[in-house]
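S.K.: coordinates only, sequence not included:
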């Protein structure tokens, strides 16, 4: 069971009937309206002209505007004319600080991209300052695009946590450990010790931050060391995030080394007994899918990154049919090249249609659920976020549907997937705190961020130029 610092969750679980009918004498902190309200509750249809009421960062009422206005008085309100109100998006897999490597090198296969460019550049440039700047850039981009929760895996996780704490987003922050030298570490022993220390120090420390173990992948972490992660994560009751079954090269390596598939390999080491977030999940057979469903492992589908690196197409429809909680992720901006989860929603809906030749393979509503309700369940936070329901965290966004290019609007969920994009997000709210209003990010100073990014990218650009000259 994932250990979360969550007094608000206790409040929501034990007291939600009381909250739904609470007297407005003490009022609410915030009421957010929408001409269309998508709760993303599988059992509830969309609401028209409705609102969400927030108190102490938690949703305390959801319903028609007329009833809400009679029952509640709030310190602040956000109008909803011409807007869709829905849960914030969940980015189940990314590497935030890699925004500073955006577009550094493209159009290569995964192993060439990693071994010849990414790993060497990380060794040369990744520092605490680099991670702070890159993470802040990523958080700004995600706030602008309506992502309210993300799962990260990158070096110097304390720096990432500090940025998350300041900017207001919610995150599962994985501390990476790998068998080889990496930024700040000589190899496995010190990186694994640092990961365990990070998890210990951040458990229960902040309500929006969940620390996690992040062994890189089964082709970069030995079986013995993956077992060590299992033991330590079990001891600390911690979540684990890792790359798994990502590309043909990984499948070939695991088959040659261990005589099995990547999924069955890590499952046999005990990894499937943990609250595991498995990123990519491309190279799967029927046995792998059944094993993943039975274990309750969350699978994160990264369609753009996998296509760009030629890694293949995840069998997401088959996983969903088997009962696997499948979420969506952008991966890092070095391989995507952005953190726009709306692109992943649309890409997932379209990719599986063309891959199967079946236009019903991934309906719009299913793709949208993968970015909200199912995505939350995939990262083991389905009782906390991903839906607009009484007792859940007040993580939500508003999208504008008033522009001429939006007309006409017949089906809201279809419209969100096939018509709207990240530029239509108007408001982003996490735990009741407004992070963006009227397209203005309120928690990150953009001019200072741009200056810091320019300084960092100038250094990388010069290094690339030197490398190209040497190669010539």
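M.R.: Structure received. Owing to the predicted nature of the structure, the values given are computational and were not obtained by experimental measurement. Residues are numbered from 1 along each chain as shown.
S.K.: sketch out the low-pLDDT regions of the stretch 301-450 of the chain for me.
M.R.: Counting by pLDDT under 70, the stretch 301-450 of the chain contains no low-confidence residues.
S.K.: just checking, what packs against the strand or helix carrying residue 367?
M.R.: Take DSSP states H and E as the rule and residue 367 turns out to sit in helix 364-370. Applying 3 or more CB pairs under 8 Å, 6 or more residues apart in numbering; DSSP states H and E, we find helix 364-370 packed against strand 326-328, helix 341-356, helix 412-418. C-beta here means a position set from N, CA and C on the backbone, and glycine is covered the same way.
S.K.: so which of these is nearest residue 135?
M.R.: helix 341-356 (16.8 Å; CB to CB).
S.K.: what are the buried residues along the closest one?
M.R.: Using 16 or more other CB atoms under 10 Å as the burial criterion, the residues of helix 341-356 that qualify are 341-353, 355.
S.K.: and for stretch 153-167?
M.R.: The neighbour-count criterion (16+ other CB under 10 Å) identifies 153-164, 167 as the buried residues of stretch 153-167.
S.K.: circling back: dump the buried residues of helix 341-356 into a markdown table; add distance to residue 111 as well.
M.R.: Below are the buried residues of helix 341-356 laid out as a markdown table (distance: CB to CB, whole Å):
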| residue | distance to residue 111 |
| --- | --- |
| 341 | 26 |
| 342 | 30 |
| 343 | 25 |
| 344 | 23 |
| 345 | 28 |
| 346 | 28 |
| 347 | 23 |
| 348 | 25 |
| 349 | 29 |
| 350 | 27 |
| 351 | 23 |
| 352 | 26 |
| 353 | 29 |
| 355 | 23 |
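S.K.: quick one: buried residues of stretch 171-187?
M.R.: Of all the residues in stretch 171-187, those buried under the rule 16+ other CB under 10 Å are 171-179, 182-183, 185.
S.K.: same check on stretch 204-212?
M.R.: Within stretch 204-212, the residues that qualify as buried are 207-212, counting by 16+ other CB under 10 Å.
S.K.: want to throw the residues you listed into TSV with pLDDT and secondary structure?
M.R.: Converted to TSV, the buried residues of stretch 204-212 look like this (pLDDT from 0 to 100; DSSP: H, G, I helix; E, B strand; the rest coil):
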residue	pLDDT	secondary structure
207	98	coil
208	98	coil
209	98	strand
210	98	strand
211	98	strand
212	98	strand
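S.K.: residue 400: which of those residues is nearest?
M.R.: Among the buried residues of stretch 204-212, residue 208 lies closest to residue 400 (CB to CB), at 26.3 Å.
S.K.: and stretch 97-113, what's buried?
M.R.: Going by 16+ other CB under 10 Å, stretch 97-113 has these buried residues: 97-102, 104-105, 108, 110, 113.
S.K.: which residues of the stretch 301-450 of the chain fall in helices?
M.R.: Assigned by DSSP state H, counting those that start in this stretch, the helices in the stretch 301-450 of the chain fall at 303-308, 316-322, 341-356, 364-370, 373-378, 412-418, 446-471.
S.K.: out of those helices, deepest packed?
M.R.: helix 373-378 (a mean of 27; mean count of other CB atoms under 10 Å).
S.K.: tell me how far residue 207 lies from residue 238.
M.R.: For residue 207, the distance to residue 238 equals 17 Å [CB to CB, to the nearest Å].
S.K.: likewise for residue 163?
M.R.: Per CB to CB, residue 163 is found 21 Å from residue 238.
S.K.: ok, and what's touching the helix holding residue 367?
M.R.: Residues from elsewhere that reach helix 364-370 (CB atoms under 8 Å, 6 or more residues apart in numbering): 38, 40, 42, 301, 316, 320, 326-328, 345-346, 348-349, 375, 411, 413-414, 416-418.
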